[in-house]
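A.B. asks: have a look; sequence and predicted model below, questions after that.
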Protein chains: 2
Amino acid sequence: MRRFAVVGHLAATSGTFSLNDLPGSGGRMDVLCRAVNSSFFLSHDLRRDVECYLVLLGEPGPEKTVLFRGAEVRHLSPDERSSGALIKKALSIPCGTEFRESTPGVYVRRGGLARLLTEIPFAVLDEAGEDVRTAPALPENYLLSDHHNFAPEEEALIAGSQRYSVGPRSLHGDHAITVLQNEIDRRES
Amino acid sequence: MRRFAVVGHLAATSGTFSLNDLPGSGGRMDVLCRAVNSSFFLSHDLRRDVECYLVLLGEPGPEKTVLFRGAEVRHLSPDERSSGALIKKALSIPCGTEFRESTPGVYVRRGGLARLLTEIPFAVLDEAGEDVRTAPALPENYLLSDHHNFAPEEEALIAGSQRYSVGPRSLHGDHAITVLQNEIDRRES
């Protein structure tokens, strides 16, 4: 299983945002939609062995986590609006502290990064980390930030985590996921 | 200079498509929008040394080519709707057989793949090609198809082209561009 978790520092936590304005009213929800795309899509196929966690920290709160499970997900197309619609639906249902399914393969709960890190050990994608291409072995689970750096309290949570870099340029999160998937694909092939 | 050209077999050739339905009314214009994103975006930066050609073959015709020049482009954000809006604007102005600027750094003309290939030599991204990671040298210019394979008449045009693969899995075009950019970034760093 490969797992990607992306922290959306401004990302909406209610389903009232507009699919016509994912960057604005969604709090850069477009960034998270592209991370979902990179996590799952192959040409004419879906990566069933992947989970993608979206940690949403924006308005109106409290923070929520949306989980896409590749093994179960349905109704997901590659365009941003498609994943955005599934996130909007997830954020529109009442949710408690345990994952509740909103549409097939999509789940939502209250809680953010601190709780997720107690459940799953994530390595961190970081430009200063070890090059994924030359690392002797690669972990299964990776945490990324959105267009903002991790906040100090988040850095404290991940202070002991392994860190990996995907190359010499600083990339968008979805591009980093794509490069990482390619590296793991090559190792597994 | 790096150049990417993507053939959109169903992609709209008039500006009447809806930004709210890039996959449907745009003729899978979302595929081309993501190719623009992968061609240009770095974290908090834009690749100025890239050009991206979108060869649009869909309704109502005739075929058109939209060119994004990284050195000049303005008003481009990473979300699909942003590049979609610039494409829609380009397709809304009268155009002839020479490139005409529709918004800063975005150009449009009539004509498709046959003409483009007489002007620029493109290698082809193809799962059966030479692995970009082990190729001794890499060319500057790459041609991709959208979610459809190249048509027989297109294959005839590119029959003599070099072919390169980005790895063991068959990827979406934008993901292939991202992996390729990473390989070239590594060679240039």
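C.D. replies: That came through fine.
A.B. asks: which parts of the biggest strand by length in chain A are buried?
C.D. replies: Counting residues, the longest strand found in chain A (DSSP state E) is strand A:123-131. Residues A:123-126, A:129 are the ones in strand A:123-131 that count as buried (16 or more other CB atoms under 10 Å in any protein chain shown). (Glycine included, C-beta is placed from N, CA and C.)
A.B. asks: list the helices and strands the longest helix seen in chain A packs on?
C.D. replies: Counting by DSSP state H, the longest helix found in chain A is helix A:173-188. Helix A:173-188 makes packing contacts with strand A:2-8, helix A:29-40, strand A:123-131, strand A:141-145, helix B:173-188 when contacts are defined by 3 or more CB pairs under 8 Å, 6 or more residues apart in numbering or on different chains; DSSP states H and E.
A.B. asks: next, the angle from the longest one to helix A:29-40.
C.D. replies: Spelled out, it's helix B:173-188. Inter-element angle recorded for helix B:173-188 and helix A:29-40: 90 degrees (by axes from the mean of the first three to the mean of the last three CA atoms, to 10 degrees).
A.B. asks: distance from the chain centre to helix B:173-188, please.
C.D. replies: Here helix B:173-188 is found 14 Å from its chain centre; the criterion is CA atoms, centre = their mean, to the nearest Å.
A.B. asks: and the contacts of it?
C.D. replies: A:38, A:41, A:133, A:166-169, A:171, A:175, A:178-179, A:181-182, B:2, B:4, B:6, B:31, B:34-35, B:37-39, B:47, B:125, B:132-133, B:138, B:142, B:144-146, B:164, B:166-167, B:171 (CB atoms under 8 Å, 6 or more residues apart in numbering or on different chains).
A.B. asks: what's the answer for stretch A:144-157, then?
C.D. replies: A:4-11, A:28, A:31-32, A:35, A:113-114, A:117, A:124-125, A:158, A:172-173, A:176-177, B:43-44.
A.B. asks: avg pLDDT for that stretch?
C.D. replies: Taken as a whole, stretch A:144-157 has an average pLDDT of 96.
A.B. asks: so what does the longest strand of chain A touch, helix or strand wise?
C.D. replies: strand A:141-145, strand A:163-165, helix A:173-188.
A.B. asks: try 6 Å this time
C.D. replies: strand A:141-145, strand A:163-165 (3 or more CB pairs under 6 Å, 6 or more residues apart in numbering or on different chains; DSSP states H and E).
A.B. asks: just the ones you listed: most buried one?
C.D. replies: Ranked by mean neighbour count, the helices and strands packed on strand A:123-131 are led by strand A:141-145 with a mean of 23 (mean count of other CB atoms under 10 Å in any protein chain shown).
A.B. asks: angle of that one against strand A:2-8?
C.D. replies: Using the same axes, to 10 degrees: strand A:141-145 against strand A:2-8 is 20 degrees.
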